[in-house]
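Student: Turn this into a structure:
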Amino acid sequence: MAREKGKKAPKGAEKVECKDRLCPIHGDKKLKLRGRSFEGRVIKKLPKRVVIQLERMLKVPKYERYEKRRTKLHARLSDCMEDSVNVGDLIQVAETRPISKMIHFVVSKVIHKKEESK
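Tutor: This next block holds a predicted model:
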């Protein structure tokens, strides 16, 4: 199916070149997404890795109140998603096998992009 000159391809039809072997979508050693999945904000972006922060409410029975707790998770960022994820974005990570000492999660999708303020 050849594209005509001057016409744009549909939004989801662009071909992404991903050579990351541990990519959960394109890799030859696809990481199996299993276990729990979380949504959180990206607070730090490193090469091939992001750090997300989740907030959760925990009940304190003694005082009959709730307190906010934060958790940081390190997740692997595949090559095909590296340009679409930035600090401040809301992303979803899914549990996978241990990839390194700290990384037990992989980025599965971007939920909401951070709005740029001018």
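Student: from here on, contacts and neighbour counts on C-alpha atoms
Tutor: Fine.
Student: Least confident secondary structure element in this structure?
Tutor: strand 105-112 (a mean of 92; mean pLDDT, DSSP states H and E).
Student: So which bits of it are buried?
Tutor: Phe105, Val106, Val107, Ser108, Val110 (16 or more other C-alpha atoms under 10 Å).
Student: and which of these is nearest to Val93?
Tutor: Minimum distance to Val93 across these is 4.4 Å, recorded for Val107 (C-alpha to C-alpha).
Student: who's in contact with the closest one?
Tutor: Val107 is in contact with Ala75, Arg76, Leu77, Ser78, Ile91, Gln92, Val93, Ala94, counting by C-alpha atoms under 8 Å, 6 or more residues apart in numbering.
Student: Which ones among these lie within strands?
Tutor: Counting by DSSP state E, those place Ala75, Arg76, Ile91, Gln92, Val93, Ala94 in strands.
Student: Using TSV, please lay out the residues you listed together with neighbour count, pLDDT and distance to Met57.
Tutor: Below are those laid out as TSV (neighbours: other C-alpha atoms under 10 Å; pLDDT from 0 to 100; distance: C-alpha to C-alpha, whole Å):
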residue	neighbour count	pLDDT	distance to Met57
Ala75	26	95	22
Arg76	25	93	26
Ile91	20	94	19
Gln92	21	94	19
Val93	24	94	19
Ala94	20	94	21
